[in-house]
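Asks: have a look; sequence and predicted model below, questions after that.
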Amino acid sequence: MTVAEPITAAVLQKLVAEFLAAHDPRAAADGGARLDFLRARFDAGLAWIHYPPGLGGLGAPRALQPVVDAEFAAAGAPDNRPGWNAIGLGMAAPTILRHGTDEQKHRFLRPLWTGEEIWCQLFSEPGAGSDLAGLGTRAVRDGDDWIINGQKVWTSLAHIARWAILVTRHDPNLPKHEGMTYFILDMHAPGVEVRPLRQITGESEFNEVFLTDVRLPDSLRLGAVGEGWTVARSTLMNERVSIGGGAIPREGGAIGVLANLWRDRPDVRTPGRHDDVMRAWVDAEAARLTATRFRQQLAAGEVGPDGSAVKLTFATLMQRIAGLELEMRGEESLRHEDWDLGRGRDVPFLNRIAGYRYLRSKGNSIEGGTSEILRNIISERVLGLPSEPRSDKDIPWKDLPR
Amino acid sequence: MTAAADLLYDETDEELRGNLRGMLSERSPWSKVLARVESPETCDSKLWAVLAGEMGLAGLAVPEELGGAGATWRQVAVVLEELGRAVAPVPYLGSAVIATRALLHCGERDLLAELASGRQCAALAVPFSAMAGTVTPSVSADGDALTGTVTSVADALIADVLLVPTADALYAVSAADATRTSVVSLDMTRQLCDVAFDGARARRIASGPAAVSAVTAALTTGAALLASEQVGVAQWCLDTTVEYLKTRYQFGRQVGSFQALKHRLADLWTRITQARAVARYAAARAADAAARAADAADAAVPGASVDAERSVDAQPEEAIAAALAQAYCSDAAVLAAEECVQLHGGIGFTWEHPAHLYLKRAKSSAIALGTPDRQRAALARMVDVPAA
């Protein structure tokens, strides 16, 4: 579909109205009708409007997406359940759009957006966490195919994913950043084994993925051979942008739980704890206002670094607040609910007990880039400080100490 | 709950910032500030004349019909960021913020016009450490004659008019009728003085609860806006330290390439980024409170905005935002100045390097208008987190 006039909010509202007149949202509640509705919305360019025409978009400004979403929501239309396919929507899709072939874009983007196909990300390895470019999962060319061997870790959604984005090493004789190649992996292919990874809380939100002689056609390669690091960096760039979320009100997060505990339970109050609670309250409110200001910057089209400050402080705050609450509850905190292995509960984080939140929040400063790596990034990219001298950039990957 | 506050700067703010930074770097570089703190006149009256008179910045928050610029406290906050960045020795906080807010509250049109034009300068005669809601007047009135002493008053050495609270009123006194004794101050870029009244002739400008609320409003706005000055101080400390660590070599490499230092600076940047959001919020809420007062005035008698401010209750959200800003930005500025001294190493401990000016400004500002600890205690009462 093409639109000759400039795409404004009013134009989009008109397009959505026309679409809804032709596709009754109330008849699309679930099942096949729901999918048909979502596919039609994609085909009309009203899925992610900043994508090109033919790929679910209109080439419109991304800032106008909320206008479209609000119109569909107001009409009671089903959405694509974005929370269920966060990695697909937030990371795989922009990478495919930027680096994929036309064939790949047309094959993968529509079922990704509609949620028919869930995606996961095969990046981290037991031996390559912060130093992702040190990864060792091998891809060996075999005619028109590639044979993949290796182990990936911390993979959310691997147990339900249909596809994965995968970074591999195709040539260990090249320096680390040059010997990498990026693929789309069929999670149903023989040799892909997914095992739950039990975490500090006892449960298992993540997986280990073992790849044993997995055969991939070369048509699933994303970007050129040897461009894996460049493609992976563009994926990770999207990870940073996707952090932020919606506006929360004052005391809307963990600090609200702590403040209410103080209010409701005079028995937990001590003079020393009072200032601890107020220090946490001040820091939480500062973090909330910083996130608000960051969202205002994004809405105004200013791409600034303040999101890094948001992630860094959010992690520390969650840990500090949960730790404080645990101590305030005293004896109660010595008793835990259970340590059962499960896939994580369908319960909002803030409704879990303090002991769970204390343990789970330990992941906040590790997942999505450790706080230490984030500090490196801030000091180098925001403040312009020099990097540490490095000895791993120019020698063959196979010769690196490990 | 109130509407969302805009926490960004607009083009006018950036233009104002650019002009002011240029003027300050030309007329008040740190070398001049350093020389001045050991001179007889610690306050730079010529610089003040440029700021208040030529640039018209003293009347930014004063309505146009009173000779002001009719801007908002948000722009005043930008001015304070730049003045903090330059540790400029001028009475902007005392006169253009604290005294101006008290006079707006009292509907003192003539005096406001004098202040807005830069012809006169005023100071609220309370100790600089006094926090909103906790002022205990030390001056008493007998008819229209004031007697008593106020210690550690900021921005009063250069003031023409002193606003003096007593137990049940607020008075305006010509500074010439008081005895001002300069104090050797921790921060000589904002030198304090003791002010003594011995039967000084005074004019009553507010009585009873209106006088109390004028002082509270003045100190609340002062606290809200001081946060922006602290952001300016902190940003200078960070910028200067980062630049130094890029040029300083030890162990055959730039000191700024050591991860142990980079992480400290990343944490400091994070803290300042948050301080800025908090300070912008406090300035925005101060501006909201002023706008509501003006709306109330328009609804009552057109053009009588100052009179109506008295009838508008103190806005709780303005007070919360101000306490939050002081609780957060005070510590941020002190940390920035302390890191600046430490990471400069030996040169940072000398008198000849400006780091100490910023350390002294940061620490005295943290104590000013209520320490972070007292601000947290006040905040706890306002947001219902009762003491143990």
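Replies: Arrived safely.

Asks: what pLDDT does residue 2 get?
Replies: By default, I'm working from chain A. At A:Thr2, the pLDDT value in this model is 52.

Asks: looking at chain B here, not the other one
Replies: 50.

Asks: do a quick rundown of the helices in the chain.
Replies: As the question left the chain open, I've gone with chain A. Using DSSP state H, the helices of chain A run over residues A:9-22, A:31-43, A:65-74, A:86-87, A:93-99, A:102-114, A:228-242, A:254-264, A:271-299, A:306-328, A:354-361, A:371-377.

Asks: that's the wrong chain, I wanted chain B
Replies: Under DSSP H, chain B gives helices at B:11-27, B:30-36, B:45-48, B:73-85, B:100-106, B:109-117, B:208-247, B:259-300, B:305-309, B:316-343, B:355-367, B:372-382.

Asks: single out the most deeply packed of the ones you listed.
Replies: helix B:100-106 (a mean of 28; mean count of other C-beta atoms under 10 Å in any protein chain shown). (C-beta placed from N, C-alpha, C; glycine too.)

Asks: from the stretch 51-200 of chain A, which residue is nearest to chain B?
Replies: Chain B sits closest to A:Ser130 of the stretch 51-200 of chain A, with a gap of 12.4 Å, by C-beta to the nearest C-beta.

Asks: excluding sequence neighbours, find me the nearest residue to that residue.
Replies: Leaving aside its chain neighbours, A:Ser130 sits nearest to A:Ile373 (4.9 Å; criterion: C-beta to C-beta, 6 or more residues apart in numbering or on different chains).

Asks: ok, now A:Arg263?
Replies: The spatially closest residue to A:Arg263, leaving aside those adjacent along the chain, is B:Asp384, at 6.5 Å (C-beta to C-beta, 6+ apart).

Asks: what's the pLDDT at the one you found?
Replies: pLDDT, B:Asp384: 95.

Asks: same thing with A:Glu5?
Replies: Taking A:Glu5 on its own, its pLDDT is 71.

Asks: is it true that B:Glu317 touches B:Arg285?
Replies: Yes - if you go by C-beta atoms under 8 Å, B:Glu317 and B:Arg285 touch, sitting 5.5 Å apart.

Asks: quick check, the worst-scoring helix or strand of chain A on mean pLDDT touching chain B?
Replies: One helix or strand of chain A scores below all others by mean pLDDT, DSSP states H and E: helix A:228-242, with a mean of 80. No - residues of helix A:228-242 contacting chain B under C-beta under 8 Å from any C-beta of the partner chain: none, with a closest distance of 14.8 Å.

Asks: any idea of the angle that helix forms with helix A:271-299?
Replies: 110 degrees (axes from the mean of the first three to the mean of the last three C-alpha atoms, to 10 degrees).

Asks: how about the residue lying closest to A:Pro52 once chain neighbours are set aside, phi and psi?
Replies: With C-beta to C-beta, 6+ apart as the criterion, A:Pro52 has its nearest non-adjacent residue at 5.5 Å, and that residue is A:Gly59. When read as degrees, to the nearest 10, the backbone of A:Gly59 gives phi 70, psi 30.

Asks: my read: A:Gly59 touches A:His50, true?
Replies: Yes - using C-beta under 8 Å, A:Gly59 is in contact with A:His50, at 7.2 Å.

Asks: pull the residues that contact stretch B:19-38.
Replies: B:42, B:44, B:46-47, B:50, B:55, B:57, B:78-79, B:82-83, B:85-89, B:188-189, B:352, B:354, B:357 (C-beta atoms under 8 Å, 6 or more residues apart in numbering or on different chains).

Asks: let's see that with 6 Å instead.
Replies: B:47, B:82, B:86-89, B:188, B:354 (C-beta atoms under 6 Å, 6 or more residues apart in numbering or on different chains).

Asks: longest strand anywhere in the chain?
Replies: In the absence of a named chain, chain A is used. Using DSSP state E, we find that the single longest strand of chain A is strand A:206-217.

Asks: hm, I was asking about chain B
Replies: strand B:192-207.

Asks: now that one: buried residues?
Replies: Judged by neighbour count using 16 or more other C-beta atoms under 10 Å in any protein chain shown, the buried positions of strand B:192-207 are B:192-197, B:200, B:202, B:205-206.

Asks: which positions in the stretch 251-400 of chain A make contact with chain B?
Replies: Selection of the stretch 251-400 of chain A residues close to chain B by C-beta under 6 Å from any C-beta of the partner chain yields A:259, A:262, A:269-271, A:274, A:278, A:282, A:285-286, A:289-290, A:293, A:296, A:306, A:309, A:312, A:375, A:378-379, A:383, A:385-386, A:388.

Asks: mind running it again at 7 Å?
Replies: A:259, A:262-263, A:269-271, A:273-275, A:277-279, A:281-282, A:285-287, A:289-290, A:292-293, A:296-297, A:300, A:306, A:309, A:312-313, A:375-376, A:378-379, A:382-383, A:385-389 (C-beta under 7 Å from any C-beta of the partner chain).

Asks: now, of those, which are buried?
Replies: Neighbour-count burial (16+ other C-beta under 10 Å) is assigned, among these, to A:259, A:262, A:269, A:274, A:277-279, A:281-282, A:285-287, A:289-290, A:292-293, A:296-297, A:306, A:309, A:312-313, A:375-376, A:378-379, A:382-383, A:385-386.

Asks: return the closest of the buried residues of strand B:192-207 with respect to chain A.
Replies: Nearest member of the buried residues of strand B:192-207 to chain A, counting by C-beta to the nearest C-beta, is B:Leu192, at 27.6 Å.

Asks: double-check the closest one against B:Asp155; I have them as touching.
Replies: No - at 8.8 Å, B:Leu192 does not count as touching B:Asp155 under the criterion of C-beta atoms under 7 Å.

Asks: residues in contact with residue 318?
Replies: In the absence of a named chain, this looks at chain A. Going by C-beta atoms under 7 Å, 6 or more residues apart in numbering or on different chains, A:Met318 touches A:254, A:361, A:364.

Asks: hmm, no, I was thinking of chain B.
Replies: B:220, B:224, B:285-286, B:289.

Asks: now with 10 Å?
Replies: With contact taken as C-beta atoms under 10 Å, 6 or more residues apart in numbering or on different chains, B:Glu318 is in contact with B:2, B:73, B:217, B:220-221, B:223-224, B:282, B:284-290, B:292.

Asks: now A:Arg329
Replies: A:261, A:265, A:268, A:335, A:353-355.

Asks: rebuild the residues you listed as CSV, extending it with neighbour count, distance to A:Ala73 and pLDDT.
Replies: Below are the contacts of A:Arg329 laid out as CSV (neighbours: other C-beta atoms under 10 Å in any protein chain shown; distance: C-beta to C-beta, whole Å; pLDDT from 0 to 100):
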residue, neighbour count, distance to A:Ala73, pLDDT
A:Leu261, 17, 34, 97
A:Arg265, 11, 39, 97
A:Val268, 17, 41, 96
A:Arg335, 9, 42, 96
A:Ile353, 16, 33, 93
A:Ala354, 22, 34, 95
A:Gly355, 19, 37, 95
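
Asks: apart from its chain neighbours, what residue comes closest to B:His356?
Replies: Using C-beta to C-beta, 6+ apart, the closest residue to B:His356 is B:Val341 (7.2 Å).

Asks: interface residues of the stretch 101-250 of chain A facing chain B?
Replies: A:247, A:249-250 (C-beta under 10 Å from any C-beta of the partner chain).

Asks: PyMOL command for the buried members of the residues you listed?
Replies: To isolate in PyMOL the members of those that are buried, counting by 16+ other C-beta under 10 Å, one can use:
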select buried, chain A and resi 250
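
Asks: what is the burial count for the nearest residue to B:Ala200 once chain neighbours are set aside?
Replies: Distances taken as C-beta to C-beta, 6+ apart put B:Asp177 closest to B:Ala200, at 4.1 Å, once the chain neighbours are dropped. For B:Asp177, the neighbour count with other C-beta atoms under 10 Å in any protein chain shown is 15.

Asks: show me what contacts B:Asp177?
Replies: B:145-146, B:162, B:197-202.

Asks: check what pLDDT it gets.
Replies: 98.

Asks: good, we can wrap up now.
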